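Engineer: here is the input, now give the coordinates:
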Amino acid sequence: MQEIFNIFIKSIFIDNMIFAYFLGMCSYLAVSKTVQTSMGLGIAVIFVLGITVPIDYLLNEYILKAGALAWLDEGLAEVDLSFLSFILFIAIIASMVQLVEMIVEKFSPALYSSLGIFLPLIAVNCAILGGSLFMQEREYQTLAQATSFGLGSGVGWLLAIVGIAAIREKIRYSNVPAPLRGLGITFIITGLMGIAFMSFLGIKL
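Structural biologist: Have a look, this model is predicted:
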């Protein structure tokens, strides 16, 4: 249980998708103009990561990796389908994003309208695919660990985009030099937030 909690905390603060790996920057920069839309997209990312990472873990453990098909037949013990990881992971992500899109459109049309094209673009958000690939690379031992990593990565991404959105709402009233207005100052703030998140490297887990 402690290991699961450690993975969750580490994926939020230490291995943050935005500030440690700069994954998912396109949506992060484009949608972070208001806290409301950022919160909606962040929750959608948590939902997608929380579902796709465990599914991809099971897919990797029981179908894709070398020897994974031994449970079907001993003759398949040497089969290695890991070369299919990218295409199958993306297919599962696209399916889950389609589900999220339908749910948001049904229950929150205003949020669906404000997110626009960036909601379906979660399917090509590198943070989502990165979550599954990191899970595969780190070889988590249980489904609970993979799920904890997926949810933690989503929460970390939500924390990052809501944080920058709140700052961007405030700096509208600041005297920002004209050449830096918009994405310029956002990149600078993102870099400073990344440096701030490096302080969590001192956490002993």
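Engineer: for residue 181, give me phi and psi.
Structural biologist: phi -70, psi 140 (degrees, to the nearest 10).
Engineer: one more: residue 18?
Structural biologist: Main-chain torsions, residue 18, degrees, to the nearest 10: phi -80, psi -50.
Engineer: kindly report the same for residue 59.
Structural biologist: phi -60, psi -40.
Engineer: need the contact list for the residue of the chain positioned farthest from its centre.
Structural biologist: Distance from the C-alpha centroid of the chain peaks at residue 75, with 37.2 Å (C-alpha atoms, centre = their mean). The contact partners of residue 75, by C-beta atoms under 8 Å, 6 or more residues apart in numbering, come to none. To be clear about C-beta, it is placed using only N, CA and C from the backbone, and glycine gets the same treatment.
Engineer: mind listing what's buried in the longest helix seen in the chain?
Structural biologist: Secondary structure of the chain read by DSSP state H shows that its longest helix is helix 143-171. Going by neighbour count (16 or more other C-beta atoms under 10 Å), the buried part of helix 143-171 is 145-165, 167-168.
Engineer: what of stretch 70-87?
Structural biologist: 79, 81, 85.
Engineer: got it, and stretch 36-55?
Structural biologist: 37-38, 40-55.
Engineer: so residue 140 is in which element?
Structural biologist: Using DSSP states H and E, residue 140 sits in no helix or strand.
Engineer: counting contacts, what elements does the helix or strand of the chain with the lowest mean pLDDT pack onto?
Structural biologist: In the chain, no helix or strand scores lower on mean pLDDT, DSSP states H and E than helix 109-115, which sits at a mean of 81. Judged by 3 or more C-beta pairs under 8 Å, 6 or more residues apart in numbering; DSSP states H and E, the packing partners of helix 109-115 are helix 35-59, helix 85-107.
Engineer: how about those in CSV, adding distance to residue 14 and mean pLDDT?
Structural biologist: Output for the helices and strands packed on helix 109-115, formatted as CSV (distance: least, C-beta to C-beta, whole Å; pLDDT from 0 to 100):
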stretch, distance to residue 14, mean pLDDT
helix 35-59, 17, 92
helix 85-107, 23, 89
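Engineer: figure out which of those helices is closest to residue 204.
Structural biologist: Residue 204 lies closest to helix 35-59 among the helices and strands packed on helix 109-115, at 25.0 Å (C-beta to C-beta).
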